[in-house]
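> Give me the fold of what follows.
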Amino acid sequence: MKIVICEDDARQRKFLQSTIVHSFLFQFKDIEIVLIASNPSEVLAYLKEHRADCFLLDIELQHKINGLELANAIRSKDPLATIIFITTYSDKLKLTFTYKVAALDFIVKNEPSVAKNLIDTLHIAYQHHQNIHAQKIDVSFQVKIGEYTKIIPFHDIYYFATSPNAHKIELKEKSGVYEFFSNLTDIEQQLDDRFFRCHRGYIVNLQHIQKINSTYRTITMKNGTICHYSFRYKKALMNALSSTSNNSFE
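Predicted structure coming up:
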């Protein structure tokens with residue numbers, strides 16, 4: 001589970017970081033703090049290239065964007081992201097309904113039990129994260145298109161490829177082609193073993209490979225489109241396909 005912290009008070013940032021480190025990082029190897037930010041701009045810049053699973057957001061940020069507005073921006077990119085608000089004033093809870101942000105919890109900084117509340121809430125967030133990943137084989141990939149999020153089943157996806165447009169990825173699936181901001185390294189972490197990174201610019205769905213040409217190092221997908229693979233991935237690609245009987249190789 002990747003965690004992002006956005007808190008403009010240095011003392012509070014240190015408290016959040018130390019609580020997570022001492023309570024989780026040694027116990028759970030798949031939890032990491034990927035960003036500790038002092039303002040929303042840092043978080044938004046991070047999300048242009050990367051993703052995270054859990055966001056700890058201060059509501060009263062000394063910035064033109066407050067924590068609730070930041071949460072809305074995060075939610076528009078990832079409807080499944082876990083959002084935990086942290087504030088000094090408990091009456092700020094009402095604002096979460098005004099902004100229509102679905103948050104996992106609302107933690108008040110000056111309460112005596114703040115550390116325990118944070119730990120308990122993060123345990124729930126971690127369980128939520130585990131449940132999502134446990135269902136991944138039957139779930140899907142989410143693509144943000146304008147104001148909408150399209151959910152595409154894994155079995156409908158042919159491949160992911162880097163786009164000629166900077167910082168964008170092309171996704172080809174049975175009903176169309178989509179472009180969105182991301183990178184293949186982050187996408188790999190969201191996929192299961194039916195997908196294979198065969199080139200720095202391609203991730204293919206092994207179930208949709210029709211033919212491989214070793215002379216030109218090309219992969220023909222079942223819909224007729226052509227992808228490429230790197231020589232250094234050839235052996236691993238062949239091994240991944242070894243149990244598949246409906247492929248041809250040239």
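> Starting from the one helix or strand F196 maps to, tell me which strands it pairs with and how they run.
Assigned by DSSP states H and E, F196 falls within strand 195-199. Strand pairing for strand 195-199, determined by DSSP bridges: strand 202-205 (antiparallel).
> Mind checking what secondary structure the residue most central in space within the chain has?
The centre of the chain sits closest to R51, judged by C-alpha atoms, centre = their mean, with a distance of 4.0 Å. Per DSSP: H, G, I helix; E, B strand; the rest coil, the local secondary structure of R51 is coil.
> what about the strand holding F196, distance to the chain center?
18 Å (C-alpha atoms, centre = their mean, to the nearest Å).
> do the same with stretch 169-176
18 Å.
> if I look at the residue nearest to the centre of the chain, how far off is Y178?
17 Å (C-beta to C-beta, to the nearest Å). C-betas here are computed from N, CA, C, even on glycine.
> ditto for H22
For H22 relative to Y178 (C-beta to C-beta), the value is 42 Å.
> next one: I226
19 Å.
> Please apply the same query to A161.
Distance from A161 to Y178, by C-beta to C-beta: 11 Å.
> what touches both of those two?
E170 (C-beta atoms under 8 Å, 6 or more residues apart in numbering).
> With neighbour numbers in mind, choose between those two.
A161 (20 against 17; other C-beta atoms under 10 Å).
> So which elements touch the biggest helix by length in the chain?
For the chain, the helix reaching the highest residue count under DSSP state H is reported as helix 114-134. Applying 3 or more C-beta pairs under 8 Å, 6 or more residues apart in numbering; DSSP states H and E, we find helix 114-134 packed against helix 10-20, strand 54-58, strand 82-87, strand 105-108.
> Now with 10 Å, please.
Helices and strands touching helix 114-134, by 3 or more C-beta pairs under 10 Å, 6 or more residues apart in numbering; DSSP states H and E, are strand 2-6, helix 10-20, strand 54-58, strand 82-87, strand 105-108.
> could you give the angle of it to strand 82-87?
Relative orientation of helix 114-134 versus strand 82-87 (axes from the mean of the first three to the mean of the last three C-alpha atoms, to 10 degrees): 170 degrees.
> show me where pLDDT drops low in the protein?
For the chain, the stretches with pLDDT under 70 are 26, 89-102, 132-139, 243-250.
> Show me it divided up by domain.
Using automatic domain parsing, the domains assigned to the chain come out as 2-134, 138-249.
> for those, which one ends up most surrounded?
Most buried of the domains of the chain, by mean neighbour count (mean count of other C-beta atoms under 10 Å): domain 2-134, with a mean of 17.
> just how off-centre is that one within its chain?
15 Å.
> Same check on stretch 192-210?
19 Å.
> Make sure I33 is actually in contact with I5.
Yes. With contact defined as C-beta atoms under 10 Å, I33 counts as touching I5 (6.6 Å).
> picking that back up, would you mind measuring from the residue nearest to the centre of the chain to V4?
For R51 relative to V4 (C-beta to C-beta), the value is 10 Å.
> E32 too?
From E32 over to V4 the distance is 11 Å, taken as C-beta to C-beta.
> so what sits against both of these two?
Common contacts of E32 and V4 (C-beta atoms under 10 Å, 6 or more residues apart in numbering): 52-53.
> still on that earlier bit, may I see the helices and strands packed on helix 114-134 organised as JSON lines, with distance to K235 added?
Formatted as JSON lines, the helices and strands packed on helix 114-134 follow (distance: least, C-beta to C-beta, whole Å):
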{"stretch": "strand 2-6", "distance to K235": "31"}
{"stretch": "helix 10-20", "distance to K235": "40"}
{"stretch": "strand 54-58", "distance to K235": "37"}
{"stretch": "strand 82-87", "distance to K235": "39"}
{"stretch": "strand 105-108", "distance to K235": "48"}
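> so which of these gets nearest A166?
strand 2-6 (23.7 Å; C-beta to C-beta).
> For the closest one, list the C-alpha coordinates in CSV.
The C-alpha trace of strand 2-6 is given here as CSV (Å, rounded to 0.1, in the frame of the first residue of the first chain):
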residue,chain,number,x,y,z
LYS,A,2,1.5,3.3,-1.1
ILE,A,3,0.8,6.2,1.3
VAL,A,4,0.9,10.0,0.6
ILE,A,5,0.9,12.5,3.4
CYS,A,6,0.0,16.2,2.8
